[in-house]
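K.L.:
Using only what follows, build the 3D model:
(one chain, ligands or ions: 1)
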Amino acid sequence: MNKKKLSVTLIVLGFIVFQFTFNTQAQDIANNQTINNSNTQNNLSALNKHVFNPLPYAYDALEPYIDKQTMEIHYSKHHKAYYDNFMNAIKGTEMETMDITEIFKNISKYPVAVRNNSGGYYNHTFFWEGMKPKSDIMPNSKLTEAITKTFSSFEEFKKQFSEAGKTRFGSGWAWLSIDNEGNMFIYSTPNQDNPLMDISEKKGIPLLALDVWEHAYYLKYQNKRADYIEAFWNVVNWAEVSKRYENALKSLDSR
Ligand code: MN
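P.N.:
Model prediction:
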């Protein structure tokens, strides 16, 4: 091989190596984007496939309002147990392939284990994703407008929602939802029920949820449920609640 041929060969080889490296990097970037996209889609649609979503933040992310130990036990023990029991309860039934919202619409037809554990599974994911480490001060203008229109002021809304949580006897949840006419309402459900269930006296699409079971606050707040509820307002993910509101309105429009 003469010198000229050798250098041409080296250039060609170099180009092939460059192409290979470049393509591999491009592929890596593409793969990462896919991973990132699936993370941002880490939302309630995963619930319809009965997926146990990761907690959207670290266990200590909501400190000092919700302490690390409570968060860890709540997610990895309580929530996980509801999920496992839900999966066991629907094994080999039509519910395995049903959207969870369809199950809720017919919850009165299914065993009580399905009612408790599907609720426990769904409500907690909804709750986690409705919070974030540093809360936005206010919801977006559309949601703020609807809240102030319904409850006369934002402070009045907070007061009524907090009251629903405080006065829930025993264990349960406080909810902000919209009904079929698009009207907002505050409601509280016992146990792991939610406003999507056919057994709920007031039915609607949930926008914001607060878990008022003792396991949600007892380690840090002991018997002071009211203090826990007051702290909750610091970690509400208003961007997520605003998104839920707009999606709920869209789903009502498309009926
Ligand atoms: Mn809970």
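
K.L.:
Could you list the residues in contact with stretch 110-119?
P.N.:
With contact meaning CB atoms under 8 Å, 6 or more residues apart in numbering, stretch 110-119 is reached by 82-83, 85-86, 89-90, 95, 100, 103-104, 107, 191-194, 197, 199. Where C-beta positions appear, they are placed from N, C-alpha and C, glycine not excepted.

K.L.:
In helices, which of those fall?
P.N.:
Judged by DSSP state H, the subset of the contacts of stretch 110-119 located in helices is 82-83, 85-86, 89-90, 100, 103-104.

K.L.:
Quickly find the element holding residue 219.
P.N.:
helix 218-221 (DSSP states H and E).

K.L.:
Just checking, which helix or strand succeeds that helix along the chain?
P.N.:
Assigned by DSSP H and E, the successor of helix 218-221 is helix 225-232.

K.L.:
so what secondary structure elements neighbour that next one?
P.N.:
Applying 3 or more CB pairs under 8 Å, 6 or more residues apart in numbering; DSSP states H and E, one finds that helix 225-232 contacts helix 154-167, helix 218-221.

K.L.:
shaky segments in the stretch 51-200 of the chain?
P.N.:
For the stretch 51-200 of the chain, applying pLDDT under 70 flags the ranges 136.

K.L.:
mind redoing it with 80?
P.N.:
135-138 (pLDDT under 80).

K.L.:
As a check, name the ranges of all strands in it.
P.N.:
172-178, 184-190 (DSSP state E, counting those that start in this stretch).

K.L.:
Any residue of the first one touching the ion?
P.N.:
No - contact check for strand 172-178 against the ion, using CB under 5 Å from the ion: none in range, with a minimum separation of 8.6 Å.

K.L.:
Enumerate the residues of the stretch 151-255 of the chain near the ion.
P.N.:
For the stretch 151-255 of the chain, the contact set with the ion under CB under 5 Å from the ion comprises 211, 213, 216.

K.L.:
Counting neighbours, what do you get for residue 185?
P.N.:
15 (other CB atoms under 10 Å).

K.L.:
same question, the one 5 residues further on
P.N.:
Using other CB under 10 Å, residue 190 has 12 neighbouring residues.

K.L.:
Would you agree it is in contact with residue 170?
P.N.:
Yes - here residue 190 lies in contact with residue 170, judged by CB atoms under 8 Å, at a distance of 6.7 Å.

K.L.:
if we can go back for a sec, want to throw the helices and strands packed on helix 225-232 into CSV with mean neighbour count?
P.N.:
Formatted as CSV, the helices and strands packed on helix 225-232 follow (neighbours: other CB atoms under 10 Å):
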stretch, mean neighbour count
helix 154-167, 16
helix 218-221, 17
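
K.L.:
Restricted to strands, list the residues of the stretch 151-255 of the chain next to the ion.
P.N.:
Among these, the members found in strands (DSSP state E) are residue 211.

K.L.:
Compare the strands of the stretch 51-200 of the chain and give me the one nearest residue 148.
P.N.:
Distance to residue 148, taken as CB to CB, is lowest for strand 184-190 among the strands of the stretch 51-200 of the chain, at 10.4 Å.

K.L.:
Are there helices or strands packed against the closest one, and which ones?
P.N.:
Against strand 184-190 (3+ CB pairs under 8 Å, 6+ apart) you get helix 141-151, helix 154-167, strand 172-178.

K.L.:
Dump the C-alpha coordinates for that strand into CSV.
P.N.:
Coordinates of the C-alpha atoms in strand 184-190 are reproduced here as CSV (Å, rounded to 0.1, in the frame of the first residue of the first chain):
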residue,chain,number,x,y,z
MET,A,184,-67.0,23.0,41.7
PHE,A,185,-67.8,21.4,45.0
ILE,A,186,-66.0,20.4,48.2
TYR,A,187,-66.7,17.0,49.5
SER,A,188,-65.3,14.4,52.0
THR,A,189,-65.4,10.6,51.5
PRO,A,190,-64.9,7.9,54.2
